[in-house]
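>>> structure of the sequence below:
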Amino acid sequence: MKYIVEHLEEEIEGWPELEYRNMLLNVGKGNLWLSHVSESVAQSPPASLEGAIVSTHSIQSWPDVDMSRVILADPAAKAPLCPADAESYDYILFGGILGDDPPKDRTKELRVMGFATRHLGKEQMTTDTAVLVSQLVLEKQIPLDKIDYVDRPDIKLGRREIVEMPFKYIRLPNGEPKLPLGMIEHLKQGNDISLN
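Residues are numbered from 1 along each chain as shown. Sure, this is the predicted structure:
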């Protein structure tokens, strides 16, 4: 299975880079494709994304991709993603600005292309969580309703500082949310990201 993110931000740094690295670590080299990136990113992608396929072109212009084998992860879809979808599709496509709360429905830009669509549940999740959930469903054959989540977790940043993440995450065996490596440090640095 190939996981394609239609990148809708100017650069890849900070939060998006952490999410992409998390995706790459989980789906493996050659299985994460980033489409529609800026020319500067395509010419010099972050070293942490070595092994990701990066292109300035939008997915519909990739000649080697059979569009009938692409499924769009769409919060507005009527049907949920299910393990049987792995038989009919080779690619799952994600679109949007990583970390938006509330979501801005950037998926609508991809929806008009006519892809088959599936949702991953009602709650907002980060793009890396959406990729990891899709991997569990499509590759590990775990139904959506069997995946355990942590909804809107409180992340302790210091003795007195706690931030609520406005998303749901996969629950690790220790009960903690599966965050990208470096996310807590990123939040501590306070990079102009509003979580409220």
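>>> pull the helix or strand with minimum mean pLDDT from the chain.
helix 108-111 (a mean of 67; mean pLDDT, DSSP states H and E).
>>> what comes into contact with whichever helix or strand comes after that one?
Once the chain leaves helix 108-111, the next helix or strand it forms, by DSSP states H and E, is strand 116-118. Outside strand 116-118, the residues that touch it by CB atoms under 8 Å, 6 or more residues apart in numbering are 70-74, 76-82, 85, 88-89, 111. All C-beta spots, glycine's among them, are computed from the backbone N, C-alpha and C.
>>> could you rerun that using 7 Å?
If you take CB atoms under 7 Å, 6 or more residues apart in numbering as the criterion, strand 116-118 is touched by 71, 72, 73, 74, 77, 79, 80, 81, 85, 111.
>>> so which of those are in helices?
85, 111 (DSSP state H).
>>> show me where the protein has its strands.
If DSSP state E is used as the criterion, the strands of the chain fall at 2-7, 32-35, 53-54, 70-73, 91-96, 116-118, 149-151, 154-156, 162-164, 168-170.
>>> need these in a markdown table (columns: mean neighbour count, distance to residue 177 and mean pLDDT).
Listed next are these as a markdown table, based on neighbours: other CB atoms under 10 Å; distance: least, CB to CB, whole Å; pLDDT from 0 to 100:
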| stretch | mean neighbour count | distance to residue 177 | mean pLDDT |
| --- | --- | --- | --- |
| strand 2-7 | 24 | 20 | 92 |
| strand 32-35 | 22 | 21 | 93 |
| strand 53-54 | 18 | 28 | 92 |
| strand 70-73 | 24 | 20 | 95 |
| strand 91-96 | 24 | 19 | 87 |
| strand 116-118 | 19 | 23 | 94 |
| strand 149-151 | 16 | 4 | 95 |
| strand 154-156 | 13 | 8 | 85 |
| strand 162-164 | 13 | 11 | 85 |
| strand 168-170 | 20 | 3 | 95 |
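>>> pipe the ones you listed into JSON lines and attach distance to residue 131 per row.
Output for the strands of the chain, formatted as JSON lines (distance: least, CB to CB, whole Å):
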{"stretch": "strand 2-7", "distance to residue 131": "5"}
{"stretch": "strand 32-35", "distance to residue 131": "8"}
{"stretch": "strand 53-54", "distance to residue 131": "14"}
{"stretch": "strand 70-73", "distance to residue 131": "8"}
{"stretch": "strand 91-96", "distance to residue 131": "6"}
{"stretch": "strand 116-118", "distance to residue 131": "13"}
{"stretch": "strand 149-151", "distance to residue 131": "15"}
{"stretch": "strand 154-156", "distance to residue 131": "20"}
{"stretch": "strand 162-164", "distance to residue 131": "22"}
{"stretch": "strand 168-170", "distance to residue 131": "11"}
